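S.K.: Sharing a model that was predicted from the sequence below.
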Amino acid sequence: MILRFPYQRRSTTRPVVTLGGRFNRPRPILSVGVIGPTGTQLVDGLLDTGADDTVFHESVAAAIGLDLSAAPAGSGAAVGGAILPVRLAEVTLRLASAGAACEWRGWVGFTPVRIQRALLGFAGFLQFFTATFYGDREAVELTANALMPPP
């Protein structure tokens, strides 16, 4: 199964010299469903091959009815090396694009630290896919790999 996603363009206030002076930056931002005991929350996340873990804000856990009070504690590194405290939980994630969709269970972190958007990193997310990034098309393709459970 192949899921295809165009990059989202984020406006800038100044021309981006390294991109020919355009006034936006393309980013692989995907909407992922996070499914818990009492609901589903659709969350935009940055597909980040440099992120060790998948991390959401703890408000997502509350919205899906996930109690983190007894969840294992951990930490993750943010851009610039800042440490993010996280509570770890196994959730169901759902991803869909143009006629294809998949769901899987994965361990993710929930942080109380305000993050601009969720991080879709290796553990819990990218470990289940082979990712192909197309710079010329400003798009990414995710192909479910052998770790993806059958539907």
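M.R.: Ah, there it is. Residues are numbered from 1 along each chain as shown.
S.K.: CA atoms for contacts and neighbours, from now on please.
M.R.: Will do.
S.K.: residues near residue 33, how many?
M.R.: Applying other C-alpha atoms under 10 Å, we find 18 residues neighbouring residue 33.
S.K.: next one: phi and psi at it?
M.R.: Geometry field for residue 33 lists phi and psi as phi -90, psi 130, criterion degrees, to the nearest 10.
S.K.: For it, which residues are in contact?
M.R.: Shown here is residue 33, whose contacts under the criterion C-alpha atoms under 8 Å, 6 or more residues apart in numbering are 40-43, 93-95.
S.K.: Can you lay out the residues you listed as TSV showing neighbour count?
M.R.: What follows is the contacts of residue 33, written out as TSV (neighbours: other C-alpha atoms under 10 Å):
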residue	neighbour count
40	19
41	18
42	15
43	16
93	22
94	17
95	16
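S.K.: Helices of the chain, start to end?
M.R.: Along the chain, the segments classed as helices by DSSP state H run 58-63.
S.K.: Need the residue closest to the centroid of it.
M.R.: Closest residue to the average C-alpha location of the chain: residue 120 at 2.5 Å, with C-alpha atoms, centre = their mean.
S.K.: ok, that one touching residue 43?
M.R.: No. Contact criterion C-alpha atoms under 8 Å: residue 120 and residue 43 do not qualify, at 10.4 Å.
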